[in-house]
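K.L.:
What would the 3D arrangement of this be:
(chains A and B)
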Amino acid sequence: MYDKFNFNAISCGGNFADFSRTKERCGILETPHGVVETPAFIFCGTKASVKGVSPQQLMEAQTQIILSNTYHLFSYPGSEYIKKRGGLHKFMGWNGPMLTDSGGFQIFSLGLGSVADEIKGKRSGVSSLLKIDEDGATFRSYWDGSTQILTPEKSMEIQKNLGADFIVAFDECTPFHGDKKYTELSMERSHRWEKRSLGEFICRDDGSQALYGIVHGGVHADLRKHSAEFINDHAFFATAIGGTLGSTKSQMYEVIEMATTHINAARPIHLLGIGGISDIFVGVSLGIDTFDCVHPTRIARHGGALVKRAFRDSPTREHINLKRSEYEHDDNPIELDCDCATCQVFSRAYLHYLLKASELLALHAINIHNIRFMNRLMKEIRNTIKNSGSLKELRTIWC
RNA sequence: GGAGGGGUGGCCGAGCGGUCAAUGGCAGCAGACUGUAAAUCUGCCGACGAAAGUCUACGUAAGUUCAAAUCUUACCCCCUCCA
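P.N.:
Residues are numbered from 1 along each chain as shown, chains lettered A, B, ... in the order given. Next up, the predicted model:
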């Protein structure tokens, strides 16, 4: 198991056992489809496509790894279909490292709406999650309305068919609302599901994939510790931190630390669903190796371009909104020092115009920038760690 | 020349006696977005005002009425059809 995978971490920030010190580290994550240098950012290509960007453009932006989603591809076009086309790598034309999420997050998002709504206590009232019990979760398909059941075994089968390098155990993404008792029961059930995921994974293992376990426990330190130890005790290749991370940034940072304090540091550690620039600095300093998040690619489609501190219009935001009228006459690129394909040729004024004119190119071009931005950020973080530089200092430039 | 239809806020377009500062849509101005049901969603959008509110508004003018974007009359303009 995991013969074709390897993780070598070089700690430059301090002793892992000494949690009073920062724990940032660099690593090399080897997969059958190439190497990922960590800390790294994983871009979300939920439905077998990073929206609006081709694999070649991802490569040009020096992307190392992308992700797709089990639930979506299961609903349509089906994992057998993709298997027949030679697997997800071949199907979508991405030959680099790849991860598939288990569909566990959809138990949360289809049941309760967006994370923001959940945290703010707003719920849509319309739920596509029909039932959740010991066996698994029953959904109404977002695609055609049909009833679908996802179980740990089913998720493993689908992810096997898809063939991503990294696959993820099936879990319940526990919402923030709900008391400790529910969080604990949900965590225990997720553990049972993850154990079943691991069992199914081992049955189907042909060495081409590596499995992530997920730490749960909500915002409760004792539960996070318990969950981390549970994952440590099982033969997962790597560990992800999942479930709710709280309702505020500071709570999120506390929860990450609750988990990383107890996670086996010999394995890669992934933080699920987080991608704010400042969040990444905190995560890295707490020992996170990889991140994934829809944020960079989603805000791009909404006119938001990620920029370093020097190029911002608002001290509270990590991006500029190119739809704003102030960019109508701004002939500069998004960032003066950016080497992305977009910043080489397009001005803010042009991108502003494209957004106003509803031209598809705007979404594409901003996306290219944001992807390159994240890759540059992660590379600078890696370089800083390797050179024993100061992340705190680097952060003042990027945040 | 004859017959008919119409002129509503930046644009398109509802309303056809009071609950209308006037439904919608577009445009405009902002905001949100963190394991993607998201090229999405939310708010504002006559003027002044923080708000309560006040004022000015449905081609123009006069009238009927307690009350008119809505009814009457005249005028101006646009469109369609017939000669």
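K.L.:
Then residue A:239 would be within a strand, right?
P.N.:
Yes: counting by DSSP: H, G, I helix; E, B strand; the rest coil, residue A:239 is located in a strand.
K.L.:
List phi and psi for whatever residue of the stretch 101-250 of chain A ends up closest to RNA strand B.
P.N.:
Scanning the stretch 101-250 of chain A for proximity to RNA strand B using Cβ to the nearest atom of the strand identifies residue A:173 as nearest, at 2.4 Å. For glycine as for every other residue, the C-beta is placed from the backbone atoms N, C-alpha and C. Backbone torsions of residue A:173, given as degrees, to the nearest 10, read phi -80, psi 100.
K.L.:
For residue A:149, the count of nearby residues, please.
P.N.:
Residues near residue A:149, counting by other Cβ atoms under 10 Å, number 12.
K.L.:
let me fix that: residue A:217
P.N.:
29.
K.L.:
Quick one: residues contacting it.
P.N.:
A:183-184, A:187, A:223-227, A:243, A:258-259 (Cβ atoms under 8 Å, 6 or more residues apart in numbering).
K.L.:
switch the cut-off to 6 Å
P.N.:
A:187, A:223-224, A:227 (Cβ atoms under 6 Å, 6 or more residues apart in numbering).
K.L.:
And residue A:158, how far from residue A:93?
P.N.:
In this view, residue A:158 and residue A:93 are 20 Å apart by Cβ to Cβ, to the nearest Å.
K.L.:
Same check on residue A:363?
P.N.:
20 Å.
K.L.:
okay, and the helix or strand of chain A with the least pLDDT?
P.N.:
helix A:115-119 (a mean of 50; mean pLDDT, DSSP states H and E).
K.L.:
Same question for the helix or strand just after it: list its buried residues.
P.N.:
Next in sequence after helix A:115-119, counting helices and strands by DSSP states H and E, comes strand A:129-132. By neighbour count with 16 or more other Cβ atoms under 10 Å, strand A:129-132 contains the buried residues A:129, A:132.
K.L.:
Tell me which strands the helix or strand just after strand A:129-132 pairs with, and in which orientation.
P.N.:
Following strand A:129-132 in sequence order, the next helix or strand is strand A:137-140 (DSSP H and E). Strand pairing for strand A:137-140, determined by DSSP bridges: strand A:129-132 (antiparallel), strand A:147-150 (antiparallel).
K.L.:
State the distance from the nearest residue to residue A:72 once chain neighbours are set aside to residue A:268.
P.N.:
Closest residue to residue A:72 apart from its sequence neighbours, by Cβ to Cβ, 6 or more residues apart in numbering: residue A:47 at 4.8 Å. Residue A:47 is 25 Å from residue A:268, where distance means Cβ to Cβ.
K.L.:
which of those two has more neighbours?
P.N.:
residue A:268 (24 against 17).
K.L.:
how about the residue positioned nearest the centre of chain A, phi and psi?
P.N.:
With distances taken as Cα atoms, centre = their mean, residue A:292 lies nearest the centre of chain A, 1.7 Å away. Dihedral angles of residue A:292 (phi, psi; degrees, to the nearest 10) stand at phi -140, psi 150.
K.L.:
contacting residues for it?
P.N.:
With Cβ under 6 Å, 6+ apart, residue A:292 has these contacts: A:42, A:67.
K.L.:
Any chance you could list what contacts stretch A:228-243?
P.N.:
A:2, A:5, A:173-174, A:191, A:198, A:210-216, A:218, A:259, A:262-264, A:267-272.
K.L.:
Just the ones of those in helices?
P.N.:
Here DSSP state H is the test, and the contacts of stretch A:228-243 give A:191, A:198, A:259 as lying in helices.
K.L.:
Quickly list what residue A:46 is bridged to.
P.N.:
residue A:49.
K.L.:
pretty sure it contacts residue A:72?
P.N.:
Yes: Residue A:46 lies in contact with residue A:72 (Cβ atoms under 6 Å); the separation is 5.4 Å.
K.L.:
Give the other helices and strands that the longest helix along chain A contacts.
P.N.:
In chain A, assigned by DSSP H, the helix with the most residues is helix A:360-386. Secondary-structure packing of helix A:360-386 (3 or more Cβ pairs under 6 Å, 6 or more residues apart in numbering; DSSP states H and E): strand A:25-31, strand A:40-44, helix A:295-301, strand A:304-306, helix A:341-345, helix A:348-356, helix A:391-398.
K.L.:
Any residue of that helix touching RNA strand B?
P.N.:
Yes: counting by Cβ under 7 Å from any atom of the strand, contacts between helix A:360-386 and RNA strand B involve A:360, A:363.
K.L.:
Now the stretch 201-350 of chain A against RNA strand B: closest residue?
P.N.:
Closest approach between the stretch 201-350 of chain A and RNA strand B, counting by Cβ to the nearest atom of the strand: residue A:273, at 2.3 Å.
K.L.:
Find me whatever residue is spatially closest to that residue, sequence neighbours aside.
P.N.:
Among residues not flanking residue A:273 along the chain, residue A:293 sits closest, at 5.8 Å (Cβ to Cβ, 6+ apart).
K.L.:
List the contacts of the one you found.
P.N.:
So residue A:293 contacts A:273-275 (Cβ under 6 Å, 6+ apart).
K.L.:
Got phi/psi on it?
P.N.:
phi -170, psi 150.
K.L.:
Could you do residue A:61 as well?
P.N.:
When read as degrees, to the nearest 10, the backbone of residue A:61 gives phi -90, psi 10.
K.L.:
Check the burial of it by counting its neighbours.
P.N.:
24.
K.L.:
Share the number of residues neighbouring the closest residue to residue A:191 other than its chain neighbours, please.
P.N.:
Distances taken as Cβ to Cβ, 6+ apart place residue A:230 nearest to residue A:191, at 5.2 Å, with adjacent residues excluded. Neighbour count of residue A:230, defined by other Cβ under 10 Å: 20.
K.L.:
again with residue A:1
P.N.:
13.
K.L.:
wait, does the one helix or strand residue A:225 maps to contact RNA strand B?
P.N.:
Element membership for residue A:225 (DSSP H and E) is helix A:221-232. No: applying Cβ under 7 Å from any atom of the strand, one finds helix A:221-232 out of contact with RNA strand B, separated by at least 12.0 Å.
K.L.:
Nothing else from me, thank you.
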